[in-house]
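[1] sequence first, predicted model second:
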Amino acid sequence: MIDQLYLLILVPFIVGITLLLHPRQKGQEQQQKGQGSLFAKIISIAATAVTFYLSCLIFIGGQNVSNDIFLIDAVNRFIVPAIGLFGLLTVLYSFRDNFESRYFGYILITLSASLAAVVSNNIVLLVVFWGFLGLTLYLLIGLSGEKATTAAKKTFIIVGGSDAVMLIGIAILWFISVEGSGAGLTLNSIKAFRITQINVPLGLWQPGGRLAIVAFLCLAVASFAKAGAMPFHTWIPDMAEVTRVPVTAFLPASLDKLLGIYLLARLCLNVFKLNQSMMILLMLVGAITIVAAVFMAMVQHDLKKLLSYHAVSQVGYMVLGIGTGVPVGIAGGLFHMLNHAIYKSCLFLCGGSVEDKTGTSDLDKLGGLAKLMPLTFVAALIASLSISGVPPFNGFVSKWMIYQGIIAGFPSGGVLQVIFLAAAMFGSALTLASFMKVMHAVFLGQGGKRGTPGTAGAGGAVSGETHWTKWVPQIILAVLCVVFGVFAFQFPLKYFILPAVPGVQFSGVWQPGIATTLMVIGIVLGFVIYLIGRIAGSKIRKESVFIGGESLPEDVRVTGVDFYQTIRDIPFFKVMYYLAERKTFDIYNWGKNIVLFFAGILSFLHTGNLHTYITWCIVGVVILLFVIAR
Amino acid sequence: MFCAKESCSILPLFVAVPLAGAFLSSLLGKTSSKISDFLGSLVPAILVLLSFSFIGLKEVLVYKMGGWIPPFGIVFVVDGLTVLMLVTVNVVALMSTIFSISYMEKYTDKWKYYTLFLLMLTGMNGAVITGDMFNLFVWLEIGAISSYALVAFGTEGEELEASFKYAVMSSVASLFILVGIGLLYSYTSTLNMADISRTLVAKPNANLINFVFILFLLGFGLKSAIVPFHSWLPDAHPSAPAPISAMLSGVLIKSLGIYALVRIFYNVLGVAGGGRVLLVLGLISMVLGALLAIYQKDLKRLLAYSTISQVGYIVFAFGLGTPLGIFAGLFHLINHAVAKALMFLNAGSVVYATDNVRDLDQLGGLREKMPVTANTSLIGSMSIAGVPPLGGFWSKLVIIFAAVESKHWAGAFVAILVSIVTLAYYLKLQKLVFFGKLPVRWENIKESPVLMCVSMIVLSCICIALGLLLLPQLRSVFLDPAVEVLKNGVGYSKAVFENIK
């Protein structure tokens, strides 16, 4: 088992390093740009396949491991194969693209570091791998060319900065745990600094409780920044807009969620005993994230940016679920994390296929792709129904559990319960609304006219379904969406989630089997009635788009982009959108402005004048004399 | 490893070899630049080998100059701390001279450069190895004066101005140090460091110690660029040729500044962290340096301000005064020496390729054209910014742990926030120099010559590997002995006198 764990981490790492050190032939690479490096692709497919196989073995093996380095228990066991799967699918999806071998090297190293972070028992080791992921993400974004450098920098400053904050959380944790045990604070105690050994109660009035709260908040910041919860989410929309789609699908959409929420769950389940106020804080962060991000998502014009705001919004559900502190809520949060990784990377991959075929991700220019790319359409439809929480898909089940968690978390009811429930349900409804727009604008609706400049889609440059290396991952993920929804209790919950969170009690009844059967029967019945009608000879009237009774000129298309433009006109939202688009709520901008303000003052003081500088020295000595030798 | 007696007799070589090298370079270098190139790299290589032979030293070695017994004669003392400094200084010096072979082709009078370089190295090695207060001052001046000349080596207006400022400020510092030494001498009637320490323990005088403390704090604080004595550094370090910048920022301010500071405070005066003074000055330095660094438009100036900030971390850690704090300070000193030397060599490589363009706004997109420079620079930046698993991350981690251990919560938080700013300005550097759009005028730019690449690659490998120093096996032979020396405090004098044979 231990050997397998070492292999699991070392295989992708060694292959990745090999790809990075593999000498680049400059002239040749220019010529073969259409092909990319075939060698790199094949070797990385092989490496990810082996990694996935190993990760499945570790999951199926089912042993618990807890030594100085590794920790495998019910909380992280199911995350290992999930990471392995996303690694394999991402590499497969990138197979046809002409990416350089460095790209595959970075992806493999990312895979290795993520697996290592999830299975490490020593907290310092966890931070090492966790922080290293920030660097690989930076490099992966940087590969997307010059337009991505600003986003890469911003991403790394937020993610890397939160890692630094995490360090101090860990230092405090170490202080509390070692001081409590009386073993003395030495460097050697860091070596044996295990997650499983720490159990710290939070609380303003307990001994050490206040310190523990600071430690918890510092660690929570790191997990929020990684997963993309507010207010540390701003890097996701920025980077998603300019980065290669597989990178977005691989890191912010799936791996970073798995890691961030894993850490949060670990903190809440093993490391800290949460108190009421911390739970409410977590739930508030969750609720605000859900609603605010979904509002931003609704008005986006760019497919990738829209999806990325949903990636932020969904994190809110996970944080909300874990914040309830009730087994069913935590289980719901963890399940939602898994589900989200599946449907969101499916959506990003579909978006990538669309962009690949049409050359744009601008919703204004897309339309009518359903006929041309049926497989992508089906996958995207299933995934978007999942993310909107429509039964019987997987997103519904996990949201359902989170609702139950909120209800169970406040046994006496109260205003907060109503607010959190409303935020969760409202967010879900708005998500559905937003994806109606996406489906309409991208796959349904009108395609662009043949030869019309600036329009793609039906009759444009597009020809046929995307390559199989691209649609296979999409379909696999879409099938997982269905399976995780319909057979939720038989498969994913039973093997993945419920072992991790003991004592889950469902208060509501949901039998996906029966429900699905009924739904399928309903749809089939409807279709039969439709067919009977057709046979009986009733006519189907085909109408052009209805726009308030006005007639549509030949050269104008109706896209779905401005579906929710009216929200902007409501006074309150108008101000909020205005401020949000000026990045008023962006914590990165705040930090930047504050730092530059002080830097400006200091820079002004450094005149380069020798007299001034010597004066400073003398003044410094006088102050020191006053302080010390008074 | 040599046996104790033999080791003793090779101690003067640390000074004699570079001094002889400087002499030979000035004598023979005029005839052919090959000779001075060869000498310039051979001397640090010998010194690296010599200093490595001392690693794992169990006892304190004392060498008596001319056989005079201290306190009457001058002694050289080698203990754990000295070994650590010698290794760091000479490794960085070796990489800088290898880099210089190609880099200095652009300048005339290479032999003068090597003569001055080796004299500076003599000064640094001498200051680290000496056990005598006035002797320390002499080495300090040798190192400092040769560095004034080296800063002005390009003889452009900007360089001369920077050198002048540096010379004036540094002379002020030297003056204060000299006054401090004079006061100590008048009170203790001795110049031997161990003897001074013994006398001060025997008849303590708080007022004198406090006053001398302040004099030395200004003197050595100015040499190590602690705020508010930092203002010469952002002019002097960028103006020097790149390998000299690497030496100045990497090791000179550490051996002549921080080393001398902590050696005297801990081992001679016995004031350890000096109350909270070092702690506070360290915090101010790290904040100011980082804030100013993020505002810079000049590649090497940004690095110079970054040095001030990182020196702040080191001083902060020493100011904690706990064993873990000392450990963190020494560890960060090594990490920063290597990483900052690497960053200045990278900057030199960029400047070499672009023909002296240091303005960040005019650079960009060099990643594809100069892969070795770009990747080594990324490693150096990430190490200073404290990104795992590079060396700088580990020392930052230990600094934070040390601050938390001694319950300096505010200090720990400031250190963390500054590290975020540090990350930000190094990413700014990366973005403006190596990522982004390649300006048309650099279309035909080339990677630097092989020897420059070699020294950058070696330094970046050291950057990656430095985290390994935390492993117990390596720690016990390299860092722990140095920590012991400082932890021992005024016990230093006993250790020295016991080992005089």
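    On my side now, so go ahead. Numbering: from 1, shown residues only, chains lettered A, B, ... in the order given.
[2] excluding chain neighbours, what is closest to residue 214?
    Let's take chain A. residue A:172 (6.0 Å; C-beta to C-beta, 6 or more residues apart in numbering or on different chains). Just so you know, the C-beta spots here come from the backbone N, C-alpha and C atoms, and that holds for glycine as well.
[3] please go with chain B instead
    Nearest to residue B:214 is residue A:624, by C-beta to C-beta, 6+ apart, at 4.9 Å.
[4] per-residue confidence for that neighbour?
    The model reports residue A:624 with a pLDDT of 88.
[5] please apply the same query to residue B:6.
    pLDDT for residue B:6: 63.
[6] now the residue nearest to residue B:214: which helix or strand?
    Applying DSSP states H and E as the criterion places residue A:624 in helix A:610-628.
[7] list the buried ones in that helix?
    A:610, A:613, A:614, A:616, A:617, A:620, A:621, A:624, A:628 (16 or more other C-beta atoms under 10 Å in any protein chain shown).
[8] for the nearest residue to the fifth one once chain neighbours are set aside, what are its contacts?
    To tie it back to what came earlier, the one meant is residue A:617. Distances taken as C-beta to C-beta, 6+ apart place residue B:229 nearest to residue A:617, at 5.3 Å, with adjacent residues excluded. Residue B:229 is in contact with A:616, A:617, A:620, B:169, B:173, B:218, B:221, B:222, counting by C-beta atoms under 8 Å, 6 or more residues apart in numbering or on different chains.
[9] show me where chain B has strands.
    Counting by DSSP state E, one finds strands in chain B at the ranges B:61-64, B:75-78.
[10] next one: the stretch 251-400 of chain A
    Counting by DSSP state E, counting those that start in this stretch, the stretch 251-400 of chain A has strands at residues A:272-273.
[11] count of residues packed around the closest residue to chain B within it?
    In the stretch 251-400 of chain A, the residue that lies nearest chain B is residue A:259 (14.5 Å; C-beta to the nearest C-beta). Other residues near residue A:259 come to 26 when the count uses other C-beta atoms under 10 Å in any protein chain shown.
[12] now swap in the one 4 residues further on and tell me
    One way to gauge burial is a neighbour count; for residue A:263, by other C-beta under 10 Å, it gives 24.
[13] for the closest residue to it other than its chain neighbours, give me its contacts.
    The shortest distance from residue A:263 to any residue other than its chain neighbours is 4.2 Å, reached at residue A:223 (C-beta to C-beta, 6+ apart). By C-beta under 8 Å, 6+ apart, residue A:223 lies in contact with A:229, A:260, A:261, A:263, A:264, A:267.
[14] pLDDT below threshold where in chain A?
    Filtered on pLDDT under 70, chain A yields the residue ranges A:23-36, A:180-208, A:446-463, A:544-547, A:549-560, A:630.
[15] the residue sitting nearest the centre point of it - nearest residue in space that isn't next to it in sequence?
    Central residue of chain A (C-alpha atoms, centre = their mean): residue A:253, 3.4 Å from the mean position. In space, not counting the residues next to it along the chain, residue A:253 is nearest to residue A:344; the distance is 4.3 Å by C-beta to C-beta, 6+ apart.
[16] distance of residue B:376 from chain A?
    Using C-beta to the nearest C-beta, to the nearest Å, residue B:376 is found at 14 Å from chain A.
[17] same thing with residue B:317?
    Using C-beta to the nearest C-beta, we find residue B:317 at a distance of 13 Å from chain A.
[18] where does the stretch 1-150 of chain B get nearest to chain A, residue-wise?
    Counting by C-beta to the nearest C-beta, the stretch 1-150 of chain B gets nearest chain A through residue B:148, at 14.2 Å.
[19] just give the closest residue to that residue, not the sequence neighbours.
    residue B:167 (4.5 Å).
[20] what's the answer for residue A:516, then?
    Take residue A:516 and drop its neighbours on the chain: the residue closest to it by C-beta to C-beta, 6+ apart is residue A:392, 4.3 Å away.
[21] what residues does the stretch 451-600 of chain A put near chain B?
    Contact residues, the stretch 451-600 of chain A versus chain B (C-beta under 8 Å from any C-beta of the partner chain): A:591, A:592, A:595, A:596, A:598, A:599, A:600.
[22] ChimeraX command to pick out the buried ones of those residues?
    Of these, the buried ones can be selected in ChimeraX as follows, counting by 16+ other C-beta under 10 Å:
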select /A:591,592,595,599
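[23] relative to chain B, which of the residues of the stretch 451-600 of chain A next to chain B is nearest.
    Closest to chain B, out of all of these and judged by C-beta to the nearest C-beta, is residue A:599, at 4.0 Å.
[24] return the member of the contacts of residue B:229 nearest to residue A:478.
    Using C-beta to C-beta, residue B:221 comes nearest to residue A:478 of the contacts of residue B:229, at 65.2 Å.
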